[in-house]
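1. Build me a structure from this.
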Amino acid sequence: MQVEFWYEFASTYSYPAAMRVEAAAKEAGVTLCWRPFLLAPIFGAQGWNDSPFNIYPAKGKYMWRDMARICEAAGLQLKEPVRFPQNGLKAARLALLGQDEDWGAAFTRRVYLANFAEQKDISDEAVLADILGSLGLDAQALLARSGEQANKDRLRAQTEEAIARGVFGAPSFLVGDELFWGNDRLEAALEWARR
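-> You can find the predicted model right below:
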């Protein structure tokens with residue numbers, strides 16, 4: 001019984017999902033696998049050079065109002081980022097290093113808070129170093145490892161895997177080959193995994 005949580009740091013709806021997925025999976029008795037990836041190649045293949053929430057203003061206006069409701073209900077602070085979408089590449093490379101480590105989930109949640117609650121620039125290595133340091137980690141060593149070609153290639157491969165498995169947006173939850181898209185589909189994914 002495993003659910004894979006596919007997320008992208010620029011994704012608004014991945015923020016509330018990331019803040020609740022671990023507790024929800026534990027309560028359901030389902031193993032959770034954190035899977036950072038990049039949406040830019042997926043959007044680029046559709047001819048988009050920006051978030052659909054920027055391309056379609058009415059959709060963007062709705063999304064921010066919807067996010068405000070979701071975050072209020074979940075007790076999460078929400079402030080529009082310093083720019084939207086933010087560049088989450090460096091954060092994703094770090095999250096990939098932590099994907100199978102005990103610090104990966106906490107790092108991911110802290111990056112989302114920095115982006116969507118604290119209005120920090122998550123592409124800034126100093127911001128990422130502060131997050132790593134707050135978790136008692138060697139920030140400089142991890143930042144250096146995250147920028148190595150092998151890790152860059154691994155993130156590219158993980159993004160290609162997401163595409164090959166039908167992921168087209170974030171957050172997405174995969175149970176085997178069964179895809180559930182959106183923060184509001186988390187419970188359905190967990191129930192599917194339990195069945």
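
2. Please name every helix or strand in contact with the lengthiest helix in the chain.
-> Across the chain, the helix with the greatest residue count (assigned by DSSP state H) is helix 57-74. With contacts defined as 3 or more Cβ pairs under 8 Å, 6 or more residues apart in numbering; DSSP states H and E, the packing partners of helix 57-74 are helix 14-28, helix 52-55. Every residue, glycine included, has its C-beta placed from N, CA and C.

3. centre of the chain versus whichever helix or strand comes after it, how much separation?
-> Elements were assigned by DSSP states H and E; along the chain past helix 57-74, the next helix or strand is helix 89-98. For helix 89-98, the distance between its averaged C-alpha position and the chain's averaged C-alpha position is 10 Å (Cα atoms, centre = their mean, to the nearest Å).

4. Contacts for the helix or strand following helix 89-98, please.
-> Tracing the chain past helix 89-98, the next element assigned as helix or strand by DSSP H and E is helix 104-116. The contact list for helix 104-116, computed with Cβ atoms under 8 Å, 6 or more residues apart in numbering, reads 7, 9-10, 12, 14-15, 18-19, 22, 34, 36, 77-79, 81, 86, 88, 91, 94-95, 97-98, 120, 122, 127-128, 131-132, 134-135, 137.

5. about what we covered before: including distance to residue 148, mean pLDDT and mean neighbour count, could the helices and strands packed on helix 57-74 go into JSON lines?
-> Written out in JSON lines, the entries for the helices and strands packed on helix 57-74 read as follows (distance: least, Cβ to Cβ, whole Å; pLDDT from 0 to 100; neighbours: other Cβ atoms under 10 Å):
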{"stretch": "helix 14-28", "distance to residue 148": "25", "mean pLDDT": "98", "mean neighbour count": "19"}
{"stretch": "helix 52-55", "distance to residue 148": "32", "mean pLDDT": "78", "mean neighbour count": "15"}
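
6. what's the closest of those helices to residue 173?
-> In terms of Cβ to Cβ, the element of these nearest to residue 173 is helix 14-28, at 8.2 Å.

7. Tell me the helices and strands packed up against that closest one.
-> Helices and strands touching helix 14-28, by 3+ Cβ pairs under 8 Å, 6+ apart, are strand 2-7, strand 31-36, helix 57-74, helix 104-116, helix 186-194.

8. what is the orientation angle of the third one with helix 14-28?
-> Translated: helix 57-74. Orientation of helix 57-74 against helix 14-28 (axes from the mean of the first three to the mean of the last three Cα atoms, to 10 degrees) gives an angle of 40 degrees.

9. Just the buried ones out of the contacts of helix 104-116, please.
-> With neighbours counted by 16 or more other Cβ atoms under 10 Å, the contacts of helix 104-116 contain buried members at 7, 9-10, 12, 14-15, 18-19, 22, 34, 36, 78, 81, 86, 88, 91, 94-95, 97-98, 120, 122, 127-128, 131-132, 135, 137.
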